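1. sequence-free structure coming up:
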């Protein structure tokens with residue numbers, strides 16, 4: 001059973017977990033993390049995250065969600081730019097407002113269903129339930 005994901009839960013998780021990769025994104029969205037945790041807990045597979053040395057370049061929401069639900073997510077090497085900066089997870093801000101519109105959530109669910117070769121209604125039930 002997945003934990004109830006709240007800002008307090010995430011902050012406690014970060015404080016009590018050794019996280020191997022550093023963030024490079026200063027802010028993340030809690031509703032996105034919740035949806036990803038639900039999907040990962042139901043075995044839905046995702047694209048690999050992109051890393052450079054010990055930095056996450058792309059895939060912060062997927063990475064943190066995978067740690068929360070103990071889901072193995074793949075990693076591929078990427079590049080960083082001169083603007084890429086390492087951020088301690090304790091400094092990352094978590095927004096309780098949803099960054100995705102209902103139409104974007106629907107689109108992402110369709111893409112996840114297609115990628116996983118499953119019925120989109122199953123994916124919709126996971127994210128809405």
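-> Received, thanks. Keep in mind that this is a model prediction, so the values were computed, not measured.

2. Now do the buried residues in the one helix or strand residue 111 maps to.
-> Using DSSP states H and E, residue 111 sits within helix 102-116. Residues 105, 108, 109, 112, 113, 116 are the ones in helix 102-116 that count as buried (16 or more other CB atoms under 10 Å). Every C-beta, even on glycine, is put in place using the N, C-alpha and C of the backbone.

3. Spatially, what comes nearest to the second one if we skip its sequence neighbours?
-> Counting by CB to CB, 6 or more residues apart in numbering, the nearest residue to residue 108 once its immediate chain neighbours are dropped is residue 100, at 7.1 Å.

4. For the one you found, give me its contacts.
-> 29, 31, 32, 108 (CB atoms under 8 Å, 6 or more residues apart in numbering).

5. Do me a favour and get the end-to-end distance for stretch 5-25?
-> Its first and final residues considered, stretch 5-25 spans 20 Å by CA to CA, to the nearest Å.

6. Give the buried residues for that stretch.
-> Applying 16+ other CB under 10 Å to stretch 5-25 flags 5, 10, 13, 14, 19, 21, 22, 23, 24 as buried.
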